[in-house]
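[1] Structural data only, the sequence is not supplied:
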């Protein structure tokens, strides 16, 4: 998926190195700019010291007023979160003025962390210049007995990306986990992430807790919300209730301070991935094992007519605002461990990646199955 990153162009060049002579503060256009300490930055971003008693000039984009320090020769214009606003030159370096995003979701069924070597090997085989700008990995059903899973998993996934991407964010909530990697040339244009976990049940349990991890960030002056979830497996009604609980509970103050609302639908882009547990409600009788590499298009279309999520979306019971790219691959759930054999007592189904885009151009480059059990 690609997201249009065209932003308010900066009137000054952006120096990738931290500078000690430039500081910008941001205030609403209707108010007077005042000196204030900048917001916190992530460790991957240099910090610009705040210096007082100087002369400043204002740049007004009719939404915010940016105050530029005159003592700087190479002004860095920064916006919300004290993060640099990309210049026209920076944006021109992006292919088609867009960022590419790869979303991967995988229910690992409490298997050891070494299982992630399969994913790392897959990423290693991709040419560095073809790797997406942002790579998101969501995992479900982590082994509860492995206390170092977080560190071990990160060490495995970092290896194939060490030359190209920074580890922007990683977060574990009970039996779920999310990683966000951003290409090194882009991390300085990202704000600090804000993360929250919403349990599906009233009381979160240490083991097999269903729910959703939400992450909010601003990249190239665009607001992005990522939701990685594992919804209830029992009934469709309970999954619908899980969805509405997440939508009602998942609020971000950073989004509110800029958009005037903490509703995630006010973000420029929302990516929702994970094990939603929506099923194929009727067995089509297709021998999917024989079609793993080259599935029949008509078989897929017939199967998707009984896709529970599609039916729920059509009735506007949940996820009606979201889009899922057309499925062109065989079902990803559920396989016998270590084989290409589907579990006999389960109707072959799919895990899901949904997205919502406001005010930006987007295009799905691919939507497929890799490493048995995840959509990417």
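    In hand now; what should we look at? As the structure is a computational prediction, the values presented were derived from the model and not from experiment.

[2] Local confidence estimate at the closest residue in space to residue 131 that isn't next to it in sequence?
    Distance criterion CB to CB, 6 or more residues apart in numbering; nearest residue to residue 131, sequence neighbours excluded, is residue 164 at 5.7 Å. (C-beta placed from N, C-alpha, C; glycine too.) The model reports residue 164 with a pLDDT of 96.

[3] hang on, isn't residue 164 packed against residue 128?
    Yes - between residue 164 and residue 128 there is a contact under CB atoms under 8 Å: 5.1 Å.

[4] More neighbours: those two, which one.
    The neighbour comparison of residue 164 against residue 128 (other CB atoms under 10 Å) goes to residue 164, with 18 against 11.

[5] In the chain, spot the helix with the most residues.
    In the chain, taking DSSP state H as the definition, the longest helix is helix 236-249.

[6] What helices and strands are in contact with the helix or strand following that helix?
    Heading C-terminal from helix 236-249, the first helix or strand you meet, by DSSP states H and E, is helix 253-259. With contacts defined as 3 or more CB pairs under 8 Å, 6 or more residues apart in numbering; DSSP states H and E, helix 253-259 has these neighbours: strand 211-219, strand 222-230.

[7] Quick one: residues in contact with the longest helix of the chain.
    With contacts defined as CB atoms under 8 Å, 6 or more residues apart in numbering, helix 236-249 is touched by 198, 200, 210-212, 214, 227, 229, 231-232, 264, 276-278, 308, 312, 317-319.

[8] Just the buried ones from those, in ChimeraX syntax?
    Buried residues among the contacts of helix 236-249 (16 or more other CB atoms under 10 Å), as a ChimeraX selection:
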select :198,200,210,211,212,214,227,229,231,232,264,276,277,278,308,312,318,319
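
[9] Between strand 222-230 and the longest helix of the chain, find me the angle.
    If you take axes from the mean of the first three to the mean of the last three CA atoms, to 10 degrees, helix 236-249 sits at 140 degrees to strand 222-230.

[10] what mean pLDDT does helix 236-249 have?
    Mean predicted confidence for helix 236-249 is 94.

[11] now do stretch 274-282
    The average pLDDT within stretch 274-282 is 90.

[12] how many other residues sit next to residue 121?
    13.

[13] that older thread, out of the helices and strands packed on helix 253-259, which is closest to residue 159?
    Among the helices and strands packed on helix 253-259, strand 222-230 comes nearest to residue 159, with 21.6 Å by CB to CB.

[14] Direction included, what does the closest one pair against?
    strand 211-219 (antiparallel), strand 269-275 (parallel) (DSSP bridges).

[15] Which parts of the protein are helices?
    Assigned by DSSP H, the helices in the chain fall at 88-92, 117-124, 149-158, 236-249, 253-259, 297-304, 308-314.

[16] What residues sit buried inside the fourth one?
    Right, helix 236-249. By neighbour count with 16+ other CB under 10 Å, helix 236-249 contains the buried residues 236, 238-240, 242-243, 245-247.

[17] now the fifth one
    Residues of helix 253-259 classed as buried under the neighbour-count rule (16+ other CB under 10 Å) are 254-255, 258.

[18] Residue 217 contacts residue 189, doesn't it?
    No - Residue 217 lies out of contact with residue 189 (CB under 8 Å); the separation is 10.5 Å.

[19] I'd like the strands paired with strand 222-230 as TSV, with distance to residue 357 appended.
    TSV is the format used below for the strands paired with strand 222-230 (distance: least, CB to CB, whole Å):
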stretch	distance to residue 357
strand 211-219	14
strand 269-275	5
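
[20] what about those strands, which gets the closest to residue 171?
    Closest among the strands paired with strand 222-230, using CB to CB: strand 211-219, at 5.9 Å.

[21] mean confidence score for the closest one?
    The predicted model assigns strand 211-219 a mean pLDDT of 94.

[22] before we move on, what about stretch 94-108?
    The average pLDDT within stretch 94-108 is 85.

[23] Domain-wise, how is the protein divided?
    Structural domains assigned to the chain are 1-93, 95-375, following automatic domain parsing.

[24] Lowest mean pLDDT across those, which one is that?
    Lowest mean pLDDT of the domains of the chain: domain 1-93, a mean of 45.

[25] Please consider this matter closed, and thank you.
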